[in-house]
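K.L.:
fold the following, please.
(2 chains)
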Amino acid sequence: MSATAQQEAAPGGLWSRISLGQKQVIWAWGFLAAPLLFYVIIRFWPTFQAFYLSVTDWTLTKPASFVGFENYQRLFNDPLFWQVFRNTFMYLILGTPISLLISFVVAYYLDRVRFMHSFIRALYFLPFLTTAAAMAWVWRWFYQPVPIGVINDVLASFGIPQQPFLRSTSQALPAVLAPAVWAGLGFQVIIFLAGLRAIPVTYYEAARIDGLSEGAILRRITLPLLKPTLVFLVVFSSIGFLRIFDQVYNINTNDPGGPLNSTKPLVLMIYQTAFSSYEMGYAAAQTVVLFMILLVISLVQLRLMRDR
Amino acid sequence: MATIKLDRLVKRYGQATVVHGIDLSIQDGEFVVLVGPSGCGKSTTLRMIAGLEEISGGEIRIDGRVVNDLQPKDRNIAMVFQNYAIYPHMTVADNIAFGLYRSKLSKSEKRQRVEQVAGTLGLSQLLDRRPSALSGGQRQRVAIGRAMVRDPAAFLFDEPLSNLDAQLRTQMRIEIKRLHHRLGTTSVFVTHDQVEAMTMADRIVVMRDGRILQVGTPLELYERPVDIFTARFIGSPTMNLLPASLKEGRADLSGGSSVKIPSLSSSSSEILIGVRPQDLALGLSTGMPGFSISGTVVVVEPLGSETLVHIESSDQTVIGSAPGRQIPKIGEPMTLHAPAERLYYFDKVTEKALAAQ
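P.N.:
Residues are numbered from 1 along each chain as shown, chains lettered A, B, ... in the order given. Here you go, the predicted structure:
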């Protein structure tokens, strides 16, 4: 009897010997383990796998063998890559400032609107919830020639000549970018609104008593205090535009990448290399390059915009 | 330097009227404190003077000029806010200089003014710091500095000490008072704290439900409150109010005791006798003329300088005071006395003070 009692006491004894702090640590790690394992298996492992694949010539059909930096050499000598590289940066350089400017202006004025405030906010947010495929189709119709295309209809009524939009090498990229900007607007407006709301009203009242004009209040108070919000949105939307894919893919389903690859971004090139040509090693090398670009751009932005 | 005059000032939000046509005249160089419970309209009144709230009716004059439709910046006033409203992304010097945003002084003159103000407020060592590196009291001083630097016609303070801890509040109270003494600028100060009001004001304006109940110096309010609200609001601890009925020049208290009182200008026979805890003392010999009440001690608060004694007498608790080193035991029977001339009388129905005839 006494032996079994001792046996029963032993495990309880071990748990009770641990200090409260250690117990909390064990519990915390117990809960953290689930998402951590998930991330390691679903996210980190494939990432490292991609680095490995990028130095092999795996093509699905034959086993991977080590080829060194051959894939990277091929990539840097590929004129298509440089075209795609330029396109990707065009999306970034046009998309980020334009979308941030529009969303800030919308948020700045929406913040003052009391009438149907929530409804208008919801309207702006709606495109963010819509699938890119459906949206791309609608915009594709917009860009058609008369009588189908709404935009050309409007242009025609003002006597402006028909524009080719998606079928032009120079207009296709901005035409693809427009729905992408529009789709992300709702999210950025919401974040800007939250940032604006967080600025205490007395800051503005004090400024009014000190005699600042609206413009001066915006420049000297609102924008500096909005900086953390701005940093977040710049980094977040830059990453979004560098990774642009579904808008581009869906708006030109018969010829993804536009005329003469004029709208093709890096992610689409990766997709085609991997799932049309099945050159997994080459696609992995492109992925690594994209990863590096994202990393460098994000770090540079964070450094530039951090408090000096 | 300026006078401020409110004439039948009204503020409405939709159907709700929050300020009911108040009149107030503030002299040049005066320090006036608006005091009252939250929601009494004191902050709204201040914000109307500042121009941050529109006026629904009446008139505001600063230095004789009607300012009803003037922008805040054109009223030549400066305001200090409860949460300081100093900008976290600017240094102390920049924050103070913000008060000079519209002035036409040269850069070096502005710098000189900022340094002068910072010197007055003891901020000279902190000019290059950000607000996040300052204590609460220092931040409040920066806010005052920004108000001072412009040399405005009037200072408006909107509960500026409420975010400070008790010790700092006492200290800042004295600093603001000394500053006012030195600058002599007309000041309007809003607070819900009667101690702040009593210690700082030249004149106190007691407000309740959007109306002014009484205006007077701190001592006038203490000695001659016009009604029960002011009587209870001013003075700490609160004045005791005991129901009594008038009968042939005497007032009979509910406990059975009675006190001889002067004839009052009262139509009703039900009154409240008010007595301040400081006047209701322990240890005076019985048989003295005046008011006395007996009961058992329920709570004792030794404060050092005096001891507050709560006694329970026929279903009501009365607060009296005993000398500092004398601490009665709980449960002990006790009699407290107050001289007849220290009693206050109020009509039970109208709650107005009754004058002795």
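K.L.:
just to check, residue A:279 is in contact with residue A:59?
P.N.:
Yes. Counting by Cβ atoms under 8 Å, residue A:279 touches residue A:59, with 5.7 Å between them. C-betas here are computed from N, CA, C, even on glycine.
K.L.:
who's more crowded, those two?
P.N.:
residue A:279 (19 against 15; other Cβ atoms under 10 Å in any protein chain shown).
K.L.:
now residue B:244. Nearest residue, chain neighbours left out?
P.N.:
Closest residue to residue B:244 in three dimensions, ignoring its sequence neighbours and counting by Cβ to Cβ, 6 or more residues apart in numbering or on different chains: residue B:251, at 4.0 Å.
K.L.:
my bad, residue A:204
P.N.:
Counting by Cβ to Cβ, 6+ apart, the residue nearest residue A:204 is residue A:217, at 6.3 Å.
K.L.:
which strands and helices lie in contact with the helix or strand where that neighbour lies?
P.N.:
Per DSSP states H and E: residue A:217 is located in helix A:214-217. The helices and strands touching helix A:214-217, judged by 3 or more Cβ pairs under 8 Å, 6 or more residues apart in numbering or on different chains; DSSP states H and E, are helix A:201-210.
K.L.:
spit out the contact partners of the residue in the stretch 101-250 of chain A positioned nearest to chain B.
P.N.:
Nearest residue of the stretch 101-250 of chain A to chain B (Cβ to the nearest Cβ) works out as residue A:211 at 3.3 Å. Residue A:211 makes contact with B:72-73, B:101-102, according to Cβ atoms under 8 Å, 6 or more residues apart in numbering or on different chains.
K.L.:
among these, which one has the most neighbours?
P.N.:
Most surrounded of the contacts of residue A:211: other Cβ under 10 Å gives residue B:72, at 22 neighbours.
K.L.:
can you get me a residue count around the nearest residue to that residue once chain neighbours are set aside?
P.N.:
Once flanking residues are discounted, residue B:72 sits nearest to residue B:51: 3.8 Å by Cβ to Cβ, 6+ apart. By other Cβ under 10 Å, the residues close to residue B:51 number 25.
K.L.:
pretty sure residue A:221 contacts residue A:203?
P.N.:
Yes. Using Cβ under 8 Å, residue A:221 makes contact with residue A:203 at a distance of 5.8 Å.
K.L.:
now the common contact residues for the two.
P.N.:
residue B:87.
K.L.:
am I right that residue B:58 sits in a helix?
P.N.:
No. Counting by DSSP: H, G, I helix; E, B strand; the rest coil, residue B:58 falls outside a helix, being strand.
K.L.:
what about residue 216, how many residues close to it?
P.N.:
If you meant another chain, say so; for now it's chain A. A count of neighbours around residue A:216, defined by other Cβ under 10 Å, yields 14.
K.L.:
I was thinking of chain B, sorry if that wasn't clear
P.N.:
By other Cβ under 10 Å, 19 other residues sit near residue B:216.
K.L.:
test my guess that it contacts residue B:201.
P.N.:
No. If you go by Cβ under 8 Å, residue B:216 and residue B:201 don't touch, sitting 9.5 Å apart.
K.L.:
now do the helices in the stretch 151-300 of chain B.
P.N.:
B:166-183, B:194-200, B:218-223, B:228-233 (DSSP state H, counting those that start in this stretch).
K.L.:
other SSEs contacting the third one?
P.N.:
When contacts are defined as 3+ Cβ pairs under 8 Å, 6+ apart, helix B:218-223 sits against helix B:194-200, strand B:203-208.
K.L.:
please identify the most buried of those.
P.N.:
strand B:203-208 (a mean of 24; mean count of other Cβ atoms under 10 Å in any protein chain shown).
K.L.:
can you list contacts of it?
P.N.:
B:22, B:24, B:30-37, B:40-42, B:45, B:197-198, B:212-218, B:221, B:229-230, B:233-234.
K.L.:
state the distance from the residue nearest the centre of chain B to residue A:16.
P.N.:
The centroid of chain B falls nearest to residue B:197 when counting by Cα atoms, centre = their mean (2.6 Å). If you measure residue B:197 against residue A:16 using Cβ to Cβ, to the nearest Å, the figure is 59 Å.
K.L.:
and the strands in the stretch 151-300 of chain A?
P.N.:
In the stretch 151-300 of chain A, no segments count as strands under DSSP state E, counting those that start in this stretch.
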